[in-house]
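Undergrad: Based on what follows, work out the 3D shape:
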Amino acid sequence: MMKIHYIMLILLPVTVEAQQRQAPDREVALEGAVNFRDLGGYLTTDFRRISMGRIYRAGDISRLTDADMEEIKRRKIYNVIDFRGEDEAAAAPDRLLHGAGYIRLPAGSEKSADWASFTQGYASGTEIMIAFYSDVSVFRERYRPFFRQLLMLPDTSAVVFHCSAGKDRTGIAAALFLYALDVPMETIMSDYVATNYYRRAENEIIIDSLANEGYDRRMAAELMEANPLYLETAFQALKRQYGSVDSFLYRELGMNEAARFRLREKFLQ
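TA: Numbers count the residues shown, from 1 in each chain. Just a heads-up that it's a prediction; the model follows:
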């Protein structure tokens, strides 16, 4: 376990530096949200580049300020995909632009707002996250409509997809999207791990708060971490069940050759 964390700490600065080299304006600086970033700028294996200003990933967007909404409007983010469960969404409703399209895809999020239920029966945060990422049974219900929405995105507007922290459900969605566009796995993992950088202050606040309430600090830290092991666990689970990630995309998400071509034409330069 220590080896995994050590490797991650070495890779993290390189990850953020590499992202900034590819797209220096990736982070969307907002007053009421963190980990809100543009997925544009990444190179594919055939050296095409994802268009900037078309697709964003984020965490909670319920506390956006009026100034933030002006920035969201400037970026034409009129489409929102929310992976949170019913209780999460009710407790912190998204702040949306007038007339924005909104869809919630809560599959697998039933316990996410209930810390006690989510952690019950596990010895560590890492064990919990491995179990969460291994459960690919909900991926079809959660991510098939996600890709359908991306394919339907109007050329005149942008989309943001998010959960509460923008790490796990959102992280998997981003990874599958980048994979479908033939972005190298190294880049996919870098985008995932970068959440540790963008959420560093917020994670410390949450960890301190939970520790003060009597929860195990180490477990809280492991739950809040974007550990490469977690995302790798999901990809390995897909390979075991479907033979390959490509087969999963085709069989469960409807991303056949024609659909992936359309996705590439919509989001790549």
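
Undergrad: How about exporting stretch 245-252 as PDB, limited to the C-alpha atoms?
TA: This file holds the C-alpha atoms of stretch 245-252, laid out as PDB (Å, rounded to 0.1, in the frame of the first residue of the first chain):
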ATOM      1  CA  VAL A 245     -12.700  -2.100 -22.500                       C
ATOM      2  CA  ASP A 246     -13.600  -1.700 -26.200                       C
ATOM      3  CA  SER A 247     -15.900  -4.600 -26.000                       C
ATOM      4  CA  PHE A 248     -17.600  -3.000 -22.900                       C
ATOM      5  CA  LEU A 249     -18.100   0.300 -24.800                       C
ATOM      6  CA  TYR A 250     -19.600  -1.600 -27.700                       C
ATOM      7  CA  ARG A 251     -21.800  -4.100 -25.800                       C
ATOM      8  CA  GLU A 252     -23.000  -2.000 -22.900                       C
END
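
Undergrad: elements contacting the helix or strand where L249 lies?
TA: Using DSSP states H and E, L249 maps to helix 245-253. Judged by 3 or more C-beta pairs under 8 Å, 6 or more residues apart in numbering; DSSP states H and E, the packing partners of helix 245-253 are helix 139-151, helix 169-180, helix 228-242. In short, each C-beta sits where N, CA and C put it, glycine included.

Undergrad: now the ones you listed in CSV, with mean neighbour count, mean pLDDT and distance to I205?
TA: Listed next are these as CSV, based on neighbours: other C-beta atoms under 10 Å; pLDDT from 0 to 100; distance: least, C-beta to C-beta, whole Å:
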stretch, mean neighbour count, mean pLDDT, distance to I205
helix 139-151, 18, 98, 28
helix 169-180, 23, 98, 19
helix 228-242, 18, 98, 21
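
Undergrad: Switch those over to JSON lines; also include distance to L30.
TA: Shown next, in JSON lines, are the helices and strands packed on helix 245-253 (distance: least, C-beta to C-beta, whole Å):
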{"stretch": "helix 139-151", "distance to L30": "22"}
{"stretch": "helix 169-180", "distance to L30": "16"}
{"stretch": "helix 228-242", "distance to L30": "25"}
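
Undergrad: and of the ones you listed, who's closest to V193?
TA: V193 lies closest to helix 228-242 among those, at 5.9 Å (C-beta to C-beta).

Undergrad: if we look at the closest one, which residues are touching it?
TA: Outside helix 228-242, the residues within contact range by C-beta atoms under 8 Å, 6 or more residues apart in numbering are 4, 7-8, 11, 126, 129-130, 132-136, 139, 168, 171-172, 175, 188-189, 192-193, 244-245, 248, 251-252.

Undergrad: Next, the angle helix 228-242 makes with the helix holding L249.
TA: Angle, helix 245-253 to helix 228-242, by axes from the mean of the first three to the mean of the last three C-alpha atoms, to 10 degrees: 70 degrees.

Undergrad: Run through this structure and note the low-pLDDT ranges.
TA: 1-24, 111-118 (pLDDT under 70).

Undergrad: re the thing from before, make a PyMOL selection of the buried ones in the contacts of helix 228-242.
TA: To isolate the buried ones among these in PyMOL, judged by 16 or more other C-beta atoms under 10 Å, type:
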select buried, resi 8+11+126+129+130+132+133+136+139+168+171+172+175+188+189+192+193+245+248+252
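
Undergrad: how far out from the middle of the chain is the helix holding L249?
TA: Distance of helix 245-253 from its chain centroid, counting by C-alpha atoms, centre = their mean, to the nearest Å, is 19 Å.
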